[in-house]
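How does the following fold in three dimensions:
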Amino acid sequence: MKWRCREVEFVFPRPAVVMGILNVTPDSFSDGGQFVDVAKAVVHAQKMLSVGAEIIDIGGESTRPGAPEVSAADEIARVLPVIKQLKAETTAVISIDTQKPDVARAALESGAQIVNDIAACREEDAMWRLVAETGAGYVAMHMQGTPQTMQANPQYADVVTEVNEFFADRLQRLAAAGVSSDQTALDVGIGFGKTLEHNLQLLAGMRHFTKHQRPVLLGVSRKSFVGRLLGLEVNERLPAALACTVDAIGQGASIIRTHDVAETCRAIRMAEAIWEKR
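Next up is the predicted model:
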């Protein structure tokens, strides 16, 4: 299985890919304001690369529940200087975490290779046509609602089945827009329009999402469902997130999006070393 991201290809099976989170926002839920300075953001990205990240996922708009919308112009102003400096100083694979085609285009023109789209639930195809045109990698994430509404009252008859049906539908729509299947990865969207119970059901059923023969991405880093289940603050959630991560990879997930790159890489590589001996 191949994931094609412009000039970069990830060929699976292989060791799980770690995607380091770089939020250049003033209001993200766990690290807002820490990396709004370009120099600090680039240093942090370089540190994540040095401890095992293969992709840096740069976001200029918080998508926490209830987060206010940011204009495309403001989002571009936040992310482009970081992308340009990273491209000048490293060989990092860069992902742009955005739901706006204008932001994605600006990022891709500056050298990004992947569009990480929380709004793959969209009906219009401008983002998908951009992905087709540029050959970018694309992460299609499931979300019920929008960041402003998603946690109001999420409901599913069977969350695993419904997310799987969503992926099948998106892959068809992407193909209709000209996006090759080997450009696409799938993200179940933990915490995006899901209750604690929904998130646990998705984590327990990760193996079901591999049937599409596309890389499955998991993002559980520091998320609130861990806090609700275990009574933990944001800075106490890493061990629980690592448990989710290792279990998901054991079920077939192949890309992990995290704030805590060093610890995540160590946990994954240890588990992979054990599995190799079975």
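
What is the lengthiest strand in the chain packed up against?
In the chain, taking DSSP state E as the definition, the longest strand is strand 17-23. In this structure, strand 17-23 makes packing contacts with helix 38-50, strand 55-59, strand 255-258, helix 261-276, judged by 3 or more C-beta pairs under 8 Å, 6 or more residues apart in numbering; DSSP states H and E. Placement of C-beta: from N, CA and C, glycine included.

Could you list the buried residues of stretch 193-208?
Neighbour-count burial for stretch 193-208 flags G193, K194, T195, H198, N199, L200, Q201, L202, L203, G205, M206, H208 (criterion: 16 or more other C-beta atoms under 10 Å).

Between the two ends of it, what distance do you get?
19 Å (C-alpha to C-alpha, to the nearest Å).

contacts for it?
With contacts defined as C-beta atoms under 8 Å, 6 or more residues apart in numbering, stretch 193-208 is touched by 142-145, 150-151, 154, 156, 159-160, 163-164, 188, 190-191, 216, 218, 220, 223, 225, 228-229, 244, 247-248, 251-253.

Where do the helices of the stretch 51-200 of the chain begin and end?
72-89, 101-109, 126-134, 159-176, 196-204 (DSSP state H, counting those that start in this stretch).

which stretch among those helices comes nearest S95?
helix 101-109 (8.8 Å; C-beta to C-beta).

now that closest one against strand 55-59, angle please.
On the basis of axes from the mean of the first three to the mean of the last three C-alpha atoms, to 10 degrees, helix 101-109 is oriented at 140 degrees to strand 55-59.

what helices or strands is helix 101-109 leaning on?
helix 72-89, strand 93-97, strand 114-117, helix 126-134.

Contacts made by it with the rest, please.
So helix 101-109 is contacted by 58, 60, 72, 75-76, 79-80, 83, 94, 96, 98, 112, 115, 117, 126-127, 130-131, 134, 136 (C-beta under 8 Å, 6+ apart).

give me that answer again for 6 Å
Under the contact criterion C-beta atoms under 6 Å, 6 or more residues apart in numbering, helix 101-109 has outside partners 72, 75-76, 80, 83, 96, 98, 115, 126-127, 130, 134, 136.

Quick check on those: which are buried?
Neighbour counting over those (16+ other C-beta under 10 Å) leaves A72, E75, I76, L80, I83, I96, T98, V115, M127, L130, T134, A136 as the buried ones.

what does the model give the fourth one for pLDDT?
What that stands for is L80. We note a pLDDT of 96 for L80 in this prediction.

for the fifth one, same thing?
The per-residue pLDDT reported for I83 equals 97.

number of nearby residues for the nearest residue to it once chain neighbours are set aside?
Closest residue to I83 apart from its sequence neighbours, by C-beta to C-beta, 6 or more residues apart in numbering: S110 at 4.7 Å. By other C-beta atoms under 10 Å, 18 other residues sit near S110.

quick one: S110 and Q85 touch, right?
No: counting by C-beta atoms under 6 Å, S110 sits too far from Q85 to count as a contact (10.0 Å).

what's the spacing between the closest residue to F192 other than its chain neighbours and A168?
Take F192 and drop its neighbours on the chain: the residue closest to it by C-beta to C-beta, 6+ apart is M143, 4.0 Å away. The gap separating M143 from A168 is 16 Å, by C-beta to C-beta, to the nearest Å.

Between the two, point out the one with more neighbours.
Counting neighbours by other C-beta under 10 Å for M143 and for A168 shows that M143 has the greater number, 24 against 11.

Wait, that one touches V188, no?
No: counting by C-beta under 6 Å, no contact exists between M143 and V188, whose distance comes to 9.9 Å.

any chance of the helices and strands packed on helix 101-109 in JSON lines, plus distance to A39?
Output for these, formatted as JSON lines (distance: least, C-beta to C-beta, whole Å):
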{"stretch": "helix 72-89", "distance to A39": "8"}
{"stretch": "strand 93-97", "distance to A39": "17"}
{"stretch": "strand 114-117", "distance to A39": "24"}
{"stretch": "helix 126-134", "distance to A39": "28"}
